[in-house]
Structures are given as structure tokens and as C-alpha cells.
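# Provided below are the primary sequence and the corresponding predicted coordinates.
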Amino acid sequence: MREAPTNIFALIEMHPYLFCMPETETANLKISIIIPVLNEAPTIAKVISTARNAENVEIIVADGGSQDGTAEIAKYEADRTIFTSPGRATQMNAGAAASTGDILLFLHGDTHLPQGYDASVRQALTNPSIVAGAFELKIDAPLLSLRLVETGVKCRSHWLQMPYGDQAIFLKTDTFNHIGGFPNLPVMEDFEFVRRLKKQGRIKIVPLAVLTCARRWQQLGVIKTTAINQIVIIGYFLGLSPDRLAFWYRGQKKNSSQN
């Protein structure tokens, strides 16, 4: 005789049909795409255009003080453009507050969503054990070293349940509000956000890839970019101030751009 399940996740695994939201209901859930930007004029129009290729979505651009015409492009292309102080966490929280969707998807201003992303997002969130999701990552440059970066991202996302912001994290609006949105940090806001989500349930990595710009790896070099990111993570775990980490991180980027 089969033993009764001892927790909710075992029960879901045995009888998923009891808990899944009907497909007709999830198909109608509105997705709000929040795009925090700062000087993304060369990419923002195409990013928005790609995101438009979906059913029942709204696109909100949160501009943090662009000086290159990004806001003017966004006003024309997006459903709504809002203005905030700079800082990705501040911008994403403001975008979420302005949204009207049942699902929130946070998209970087240099990253393109894959075809069919909307159906994959809604389908992923039908399972009540899934609290959030993200996509696989592809980088738009032919370097072998970037294929290794993609492999590392895939392993981290699947094995550790730790996708980062450039993978277009999505979740239900109710879940976002429940955990208090993105923490107001100058760096590591997506890292800490996902850590909090993991305490609520599973994070699904859907088998579609977003395509992100290679510029940050090309500007600093793949090895240096990876090393800087890992140092910031280690510093965060050691309890160093996020403000101090942000100051060091930006200094490294500035020094590299001047070399």
C-alpha cells in the first residue's frame, strides 16, 4: 500500500492535476515586462519590438536618467515609460508598482526574449511548487570563451537554482509583493532577490534562451569580467557593505574602459 505523502511537494508530485491552474485560466494571465534602462538607445527599440511578439503583455520601461535618447525611444515604443532615480533595484520596483499584470518579467535593456516566451512563462507558473522562473542564456558573440560562460550559467541555474537578472526572471505579482520586491542594494540585487525566492519554492529554468549583448565581456575580457563578478559575490557573502562593493565594482569597470 502506498504511503500518504508527508509534505505538499510530495503531494503535488503524486497528484499534479489537483493543484495546477487550468490552462484556459493561465492563458489569460497578463504579463508585465519591466525593463530598467540607463543609456540603452542602440538596443532598446529592438528589445521592445521582440517582447511585443506575444499575447496579452504590457511593456514598461523604467528610465534611470538616460542622456542618449533612450527615454524618447521608449516613450514611442513601450506602453508606459516612467522615470526614477538610477539603480536597477529602484527602477525595477518602480516598474512593478506601475504595472497591471498578473505576472512580472524583468528584462535587461540589452536582452532579447525568445519566440514563444509568453506561453512558456505562463505554463511554468501553473505548477504551484514553482514560485518563479528564468530562461537559459545565450550571448551574441562567437567566442569559445563565451560558450563556456553559457555552460557555467546553465549549471548554476539548474543545479543551484540561481539564475541572475540577465536571464529575465519572472514570477507572479502576488509573489513579488509577498517577498517585498527587489532589495534596495546598489549591486547584488538580483542575487539576493533569487535567494529570497528560493525560500518560497522552486525556480524553473525554461528550455528557451534569451539573447544578451556581449559588450560587458568584450569591454573587460571574459576572464576579468568573470573574476570581478566572483569577487563581488564572495565579498557579499563575507559581509562587506554593498555600497563598498558597488564602489569597487564601478571602479574596476571605469579603469578597464580607460585602458
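Structure received. Numbers count the residues shown, from 1 in each chain.
# The residue lying closest to Val57 once chain neighbours are set aside: what's it in contact with?
Of all residues not flanking Val57 in the chain, Ile31 sits nearest, at 4.6 Å (C-beta to C-beta, 6 or more residues apart in numbering). Using the backbone N, CA and C atoms, a C-beta is placed for each residue, glycine as well. When contacts are counted by C-beta atoms under 8 Å, 6 or more residues apart in numbering, Ile31 touches 54, 56-58, 101-105, 118, 121-122, 170.
# List buried residues within those.
For the contacts of Ile31, a burial check counting by 16 or more other C-beta atoms under 10 Å picks out Ala54, Val57, Glu58, Gly101, Asp102, Ile103, Leu104, Leu105, Asp118, Val121, Arg122, Phe170.
# contacts for the helix or strand hosting Ser157?
Element membership for Ser157 (DSSP states H and E) is helix 144-159. The contact list for helix 144-159 (C-beta under 8 Å, 6+ apart) reads 134, 136-139, 162-164, 167, 205, 214, 217, 222-223, 226.
# mind running it again at 10 Å?
Residues from elsewhere that reach helix 144-159 (C-beta atoms under 10 Å, 6 or more residues apart in numbering): 134-141, 143, 162-164, 166-167, 194, 203-205, 209, 214, 217-218, 221-223, 225-226.
# Narrow the buried ones among the contacts of Ile31 to those in strands?
The members of these that map onto strands under DSSP state E are Val57, Glu58, Ile103, Leu104, Leu105, Phe170.
# Out of these, give me the two with the largest separation.
Glu58 and Phe170 (13.7 Å; C-beta to C-beta).
# shared neighbours of those two, which are they?
Ile31, Ser32, Ile33, Ile34.
# residue contacts, the residue nearest to the second one when sequence neighbours are not counted?
Read it as Ser32. Excluding the flanking residues, the one nearest Ser32 by C-beta to C-beta, 6+ apart is Gly101, at 3.1 Å. Neighbour list for Gly101: Leu29, Lys30, Ile31, Ser32, Ile33, Ile34, Asn56, Val57, Glu58, Ile60, Lys172, Thr173 [criterion: C-beta under 10 Å, 6+ apart].
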